[in-house]
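Q: what follows is a predicted protein model with its sequence.
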Protein chains: 4
Amino acid sequence: MANTFGQLFRVTTWGESHGGGVGAVVDGCPPRVPLTEADIQPELDRRRPGQSAIVTPRQESDTVQILSGTFEGLTLGTPIALWVKNEDARPEAYAEMATKFRPSHADYTYHVKYGIRAWPGGGRSSARETVGRVAAGAIAKKLLRTRWGVEILACVLQVQDLCAAVDPDKVTLADIEANPVRCPDPAVAEQMIRLIEQRRAEGDSVGGIILGVARGVPPGWGEPVFDRLEADLAKAMLSLPASKGFDIGSGFAGVRLTGREHNDPFRNIGGRVRTVTNRSGGVQGGISNGETIYFRVAFKPVATIMHEQETVDVHFQNTTLKGRGRHDPCVLPRAVPMVEAMTALVLADHALRHHAQCE
Amino acid sequence: MANTFGQLFRVTTWGESHGGGVGAVVDGCPPRVPLTEADIQPELDRRRPGQSAIVTPRQESDTVQILSGTFEGLTLGTPIALWVKNEDARPEAYAEMATKFRPSHADYTYHVKYGIRAWPGGGRSSARETVGRVAAGAIAKKLLRTRWGVEILACVLQVQDLCAAVDPDKVTLADIEANPVRCPDPAVAEQMIRLIEQRRAEGDSVGGIILGVARGVPPGWGEPVFDRLEADLAKAMLSLPASKGFDIGSGFAGVRLTGREHNDPFRNIGGRVRTVTNRSGGVQGGISNGETIYFRVAFKPVATIMHEQETVDVHFQNTTLKGRGRHDPCVLPRAVPMVEAMTALVLADHALRHHAQCE
Amino acid sequence: MANTFGQLFRVTTWGESHGGGVGAVVDGCPPRVPLTEADIQPELDRRRPGQSAIVTPRQESDTVQILSGTFEGLTLGTPIALWVKNEDARPEAYAEMATKFRPSHADYTYHVKYGIRAWPGGGRSSARETVGRVAAGAIAKKLLRTRWGVEILACVLQVQDLCAAVDPDKVTLADIEANPVRCPDPAVAEQMIRLIEQRRAEGDSVGGIILGVARGVPPGWGEPVFDRLEADLAKAMLSLPASKGFDIGSGFAGVRLTGREHNDPFRNIGGRVRTVTNRSGGVQGGISNGETIYFRVAFKPVATIMHEQETVDVHFQNTTLKGRGRHDPCVLPRAVPMVEAMTALVLADHALRHHAQCE
Amino acid sequence: MANTFGQLFRVTTWGESHGGGVGAVVDGCPPRVPLTEADIQPELDRRRPGQSAIVTPRQESDTVQILSGTFEGLTLGTPIALWVKNEDARPEAYAEMATKFRPSHADYTYHVKYGIRAWPGGGRSSARETVGRVAAGAIAKKLLRTRWGVEILACVLQVQDLCAAVDPDKVTLADIEANPVRCPDPAVAEQMIRLIEQRRAEGDSVGGIILGVARGVPPGWGEPVFDRLEADLAKAMLSLPASKGFDIGSGFAGVRLTGREHNDPFRNIGGRVRTVTNRSGGVQGGISNGETIYFRVAFKPVATIMHEQETVDVHFQNTTLKGRGRHDPCVLPRAVPMVEAMTALVLADHALRHHAQCE
């Protein structure tokens, strides 16, 4: 099950950085959802490298093809196969990776686990794998929007020490896409861009925090015990490359409050049960309560840097390694559509699960 | 799958706060592992309320019975059914809960989701559900310890603003169990206990952070992409009642570093590949690298407080509700064995998964 | 997943012939289904040994307890734990089984697979395991009947060479329960009973065929490709102890026809699409078409006989073994409720799956 | 899960008769298995139409491409994506199918289930879907052969009333491939070919029985209860298009025997535990016992015939439909590699499952 996500809205991704391409199979999508490549391509374009000066210049068109599962522009209820060809294969750029393990990458652990490793571009551990997720997530997003009016957004909240102020109830896609760092706070965004450019000049890299938001989720989605909505969101986010943390609602900051300070009182507002505050982050007991779902995802600084680093080779001998070629000092803007995609996959799955048992 | 966890080492829990009891079925445990109730009961005793002045005085013996899956003290390879009777059923203590939703509890969301709710004691959403997890986790712990020498520990790291200093490589069970708050830093533990007693006196409650540790995990456990070791740990932790956040290794703090500061250099140390630092938290690319795995779990303050709070009733009319009877101002010490249990379930599952495909 | 059946309506069974009992956990049942022990006990009574002169006289009350998942007579949507105590434990009756493998039983294969074996009563391989299935199936039956009007029946169609004539569209529960062999053809039933009594007198045993029927299944249940309705029925039936074959509709006999003879023409009959004949057995392309679903299940003769047989012991040395004590020459009448239970589990699962994706 | 098969060796197929192609993703294959397209193509060639005068003349090269999961001729342990382009798309040949349901096909049930239907060529319900299974099965076969020495074969045993005599312990691939009907009994094969040619001349079609064989399976594979080896084989076979029945070992014929006649005595033969007879079909209690596994699969006559038949249209009005164009009177020779593929998928999965828990 390693490469499959979801119980009812199920996605299986495949593909290495170099080779025949990357893709996904989406199984369980309801029939008769309008769907063409035009619903998916814009999300891939947001994920694509080379969109701005602050991200990696890898040049690939990342053109998606739907190979199955639709007919005359509608989903069939059968598996939707998605394929994106690899174009920018340059194994020679990675020759040193054939014999040395990059620090804080997956080279060593893949080597130990499998006894074999597709070293060009990092193989399966490349962020290129997320192409399949973003493509599949675009389908989930469309389903959620058209069937339940759910809106999913993500944005950059923090880069190193630079923190933006973002209101999960009000942030818009236009605000987020207004600048290349995808931070809806324009003043902080400006500083973030300058910081990233500085780190690039230094051959170094940055990490940061992304905010994920889902608005319009009806109350009742999610499951008690193991498959709580926040548990599946946490898994989804920690499955993204370079992510190191997740919290929802008040999160880590909430531990400093007392119960009196933290509890969200219920009120009947306009005939609907609402919470006056939303420290719960839209989820209580693992189940959505109708308020905005919001959470944070921590990403470590990019591991590939333009400096000589200590490491070992495939014979486990000490050596050094220096990154060369393309340098992407900040993965955050490109991780924004990944966070949205994974959020959509979690919610689409839980929407169907709730429907199956309780509606 | 809502109530089942794991792919190969699979646990299904069942049971409500009031009723015939709580329990679990463990499917997939290898045969011939020595196992009796004596391996499980001590973990349940650690989880049990009423152990000290700072936790809830609910009085139940929580005696576990193994109903199947063992023969003459050894596992059979067949499902192990575990049962703990409910003894302290006092539905009358919860009468007001029948008609009102407790703020920041699961009463409202269960009501909306299922259209029915076992209100005595919170039913399935009660922390009593974790009895089954802790019992099942004890089996996973035994398997991990006897077969691979893996040691799993957890402890309280923070209560509100009080932070302890704990070294994941060195902390011992004896240090943790030395005081009722299960914080291995004795000076801070003393302060924590006083703070919890003060909150109890105020009818209020606290949250905090638990540190989880797994030592001796061989390199190679975990899966790329969706079922990364840290993703499954995140899900496991966010599935615990009242948890709001998870981070691993450098976590949220690591986002402030640059790549140069953050990367873990590899070195051959005594013939073994080691990392000089461990900001990765023992996992790289979703797969264990042989270093100590450590992570943090944030728990919000306990929702039940002895104060009148605004809420709505089952007819969605505004009203107020005041907690009565037993008051447990701090769930953290009892959550320690839950964190250990869920860690063990994740690792046992990944141990078998790694073995199945790669060994 | 060995001990779990179903994707959405999921059943996990546990328990050995001797020990704390046998049981099941049902996860995924919709909430608010009326359910008490009185819905389950009659099915267990039908499955129970000792009901008539032609089956094993093992004496146990097989009283079911619902330990969780219901509240005030309604399902909660949470796991339903079912438990039946073992009462008639007589390990001494099986002492020889501790050291010798019974021919055509599972003793040898369990020994080789697990390296350990609960020999009293056959442990997990005992037909006693089906108690959990029949109990869980009773819940599925109730759900199917109350929500979709689906009726599930099974009956004995053949014992050795004695074949009954049964019309799947018309057979009733009353016809089936009218005699101890559960064959609705009274004349043939009489012969079957005499044959079984004769085999018992000879210390020998019989096999036969059970007919399974599901009426009122709406068109649309089932999935293309791997989880076809007939594929899941086949798996369900071949998972029953002693079963050796399955066919649906025209089945093995249909291979002798040509396409012209075999095809089921469609007709609009009273505004509904019907097939004029039903050689398809109610399923086309893996999906129900609204006609009666009917299938046959072949059961080999009971392996335990009162004759000395050649076998090997646990040291793989040649020896002989003679069955003693209770002798059940024919499992078919007791297998009838098992076939019904497994049919119900398959259909309840597919009902929810269809609803999840397509409704 | 509808389009995924297996727990540890997992295959997901996708694709319609017309469109971007058909394919499969294989997840869970162990690393370092030698694998190139040359291991897969021969199986696809055996499955391909147009190989002989007795099967459909649809002309496609069915050339497989491995898009991911291998590196320098070895599996990586990551998902293996397989793709076969559709070449012979002729939607115009199916124009009448757009508005009418073919009798005993899946047109009507897909229409009712999904409310949409890819009518050209039958869409997902086309036998073309099995391309993905056969390709995936070739990988499973290679794994089974190279790692455990398991040999898998299938052959045609019966066409209408013509029955061949085949010994599961001795039949060879060369015998099977010696004639276009894939029946290793040359005299009967000759008669079968003449019968099929006659049915083609009549515009009619035939059904029959395929024998499946697995030799060299070590004792211990399979699971008790739901995932018995024979249960998973039954599901696998009943998931094939046009299959209507399955039996293993003595099967339906065995019900006529008594226990004395049917039981397989154990003997130590040359230091190994063997059964003297093999009515069990190589499986006891759901687990392989080391003897040859053999089973039969019944296939109904091909539904597409060159005769006018009664049916309804998409408005549920009575009408008639006559097959035109390509006519394949017998699917059996092409179903042989499908039976082998599904057998291999079941066994590879159970091999890994047994290894995971018990070795």
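A: Right, received. Where do you want to start?
Q: please make it C-alpha for all contacts and neighbour counts, starting now.
A: Noted.
Q: and the longest helix for chain A?
A: Longest helix in chain A, counting residues (DSSP state H): helix A:332-358.
Q: and that one, is it in reach of chain D?
A: No - contact of helix A:332-358 with chain D is not found when judged by Cα under 8 Å from any Cα of the partner chain; the minimum separation is 12.5 Å.
Q: which helices and strands sit right next to that helix?
A: When contacts are defined as 3 or more Cα pairs under 8 Å, 6 or more residues apart in numbering or on different chains; DSSP states H and E, helix A:332-358 packs onto helix A:37-47, helix A:130-148, strand A:151-159, strand A:208-215, helix A:229-238, helix B:107-114, helix C:332-358.
Q: including mean neighbour count, could those go into a markdown table?
A: Converted to a markdown table, the helices and strands packed on helix A:332-358 look like this (neighbours: other Cα atoms under 10 Å in any protein chain shown):
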| stretch | mean neighbour count |
| --- | --- |
| helix A:37-47 | 18 |
| helix A:130-148 | 24 |
| strand A:151-159 | 26 |
| strand A:208-215 | 25 |
| helix A:229-238 | 31 |
| helix B:107-114 | 24 |
| helix C:332-358 | 25 |
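Q: could these go into JSON lines alongside mean pLDDT?
A: Formatted as JSON lines, the helices and strands packed on helix A:332-358 follow (pLDDT from 0 to 100):
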{"stretch": "helix A:37-47", "mean pLDDT": "96"}
{"stretch": "helix A:130-148", "mean pLDDT": "98"}
{"stretch": "strand A:151-159", "mean pLDDT": "98"}
{"stretch": "strand A:208-215", "mean pLDDT": "98"}
{"stretch": "helix A:229-238", "mean pLDDT": "98"}
{"stretch": "helix B:107-114", "mean pLDDT": "97"}
{"stretch": "helix C:332-358", "mean pLDDT": "98"}
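Q: between these, which one is closest to A:Val331.
A: Using Cα to Cα as the criterion, the shortest distance between A:Val331 and the helices and strands packed on helix A:332-358 is 9.0 Å, found for strand A:208-215.
Q: tally of neighbours for A:Leu162?
A: The number of residues packed around A:Leu162, counting by other Cα atoms under 10 Å in any protein chain shown, is 15.
Q: in the stretch 251-359 of chain A, which residue sits closest to chain C?
A: Taking Cα to the nearest Cα, chain C has its nearest neighbour within the stretch 251-359 of chain A at A:Ala356, 4.2 Å off.
Q: surely that residue touches C:His350?
A: No - in this structure A:Ala356 lies outside contact range of C:His350 using Cα atoms under 8 Å: 10.5 Å.
Q: one step back: quick one: residues contacting the nearest residue to the residue of the stretch 251-359 of chain A closest to chain C once chain neighbours are set aside.
A: Nearest non-adjacent residue to A:Ala356, counting by Cα to Cα, 6 or more residues apart in numbering or on different chains: C:Ala356, 4.2 Å away. When contacts are counted by Cα atoms under 8 Å, 6 or more residues apart in numbering or on different chains, C:Ala356 is found next to A:Leu8, A:Leu352, A:Arg353, A:His355, A:Ala356, A:Gln357.
Q: return the distance of C:Ala356 relative to C:Asp349.
A: C:Ala356 sits 11 Å away from C:Asp349, going by Cα to Cα, to the nearest Å.
Q: same question, A:Leu76
A: In this view, A:Leu76 and C:Asp349 are 21 Å apart by Cα to Cα.
Q: ok, now A:Ala38?
A: Applying Cα to Cα, the value for A:Ala38 to C:Asp349 is 35 Å.
Q: just A:Pro301 next, same as before
A: For A:Pro301, the distance to C:Asp349 (Cα to Cα) stands at 46 Å.
Q: again with A:Trp14
A: Taking Cα to Cα as the measure, A:Trp14 falls 29 Å from C:Asp349.
Q: same check, this time on A:Ser52
A: When distances are taken as Cα to Cα, A:Ser52 and C:Asp349 turn out to be 49 Å apart.
Q: returning to what we had before: run the angle between the longest helix of chain A and helix C:332-358 for me.
A: Put simply, helix A:332-358 runs at 130 degrees to helix C:332-358, going by axes from the mean of the first three to the mean of the last three Cα atoms, to 10 degrees.
Q: can you tell me the closest non-neighbouring residue to A:Gly249?
A: Taking Cα to Cα, 6+ apart as the measure, A:Gly249 lies nearest to A:Gly281, with 3.6 Å between them; neighbours along the chain are not counted.
Q: hmm, A:Thr78 is touching D:Glu129, no?
A: No - counting by Cα under 8 Å, no contact exists between A:Thr78 and D:Glu129, whose distance comes to 11.4 Å.
Q: and the two? Which one has more around it.
A: Neighbours of A:Thr78 and D:Glu129, each counted by other Cα under 10 Å, are more numerous for A:Thr78; the result is 27 against 23.
Q: how much space separates the nearest residue to the more buried one once chain neighbours are set aside from C:Val156?
A: With sequence-adjacent residues excluded and distances taken as Cα to Cα, 6+ apart, A:Thr78 is closest to A:Gly69, at 5.0 Å. In this structure, A:Gly69 and C:Val156 are 43 Å apart, going by Cα to Cα.
Q: which residues of chain A lie near chain D?
A: A:1-3, A:7-8, A:10, A:13-16, A:19-22, A:25, A:27-28, A:31-32, A:66-69, A:71, A:76-81, A:114-118, A:124.
Q: contacting residues for A:Ser125?
A: For A:Ser125, the contact set (Cα under 8 Å, 6+ apart) comprises A:Glu16, A:Ser17, A:Ala106, A:Pro241, B:Pro224, B:Val225, B:Gly285.
Q: do A:Ala236 as well
A: The contact partners of A:Ala236, taken as Cα under 8 Å, 6+ apart, are A:Met342, A:Thr343, A:Val346, B:Phe226, B:Ala231.
Q: does the residue nearest to A:Gly249 touch A:Gly290 like I think?
A: No - in this structure A:Gly281 lies outside contact range of A:Gly290 using Cα under 8 Å: 9.9 Å.
Q: these two: who's more crowded?
A: Set side by side, A:Gly281 and A:Gly290 show more neighbours around A:Gly281, with 25 against 22, by other Cα under 10 Å.
Q: need the pLDDT of the residue of the stretch 51-200 of chain A found nearest chain D.
A: Proximity of the stretch 51-200 of chain A to chain D (Cα to the nearest Cα) peaks at A:Leu67, 4.2 Å away. At A:Leu67, the model reports a pLDDT of 98.
Q: and it, how many residues sit next to it?
A: By other Cα under 10 Å, 23 other residues sit near A:Leu67.
Q: look up how far D:Phe71 lies from it.
A: Distance from A:Leu67 to D:Phe71, counting by Cα to Cα: 24 Å.
Q: again, but for A:Val225
A: Counting by Cα to Cα, the separation of A:Val225 from D:Phe71 is 41 Å.
Q: who's more crowded, the two?
A: Using other Cα under 10 Å, the more surrounded residue of A:Val225 and D:Phe71 is A:Val225, with 29 against 21.
Q: so the more buried one makes contact with B:Leu240?
A: Yes - counting by Cα under 8 Å, A:Val225 sits close enough to B:Leu240 to count as a contact (7.3 Å).
Q: mean confidence for stretch A:217-227?
A: Per-residue confidence for stretch A:217-227 averages out to 97 on the pLDDT scale.
Q: does A:Pro180 count as helix, strand or coil?
A: On the three-state scheme (DSSP: H, G, I helix; E, B strand; the rest coil), A:Pro180 is labelled coil.
Q: for it, what are its contacts?
A: A:Ser52, A:Ile54, A:Ile193, A:Pro333.
Q: closest to C:Asp169 among the contacts of A:Ser125?
A: Nearest to C:Asp169 out of those is B:Val225 (Cα to Cα; 50.6 Å).
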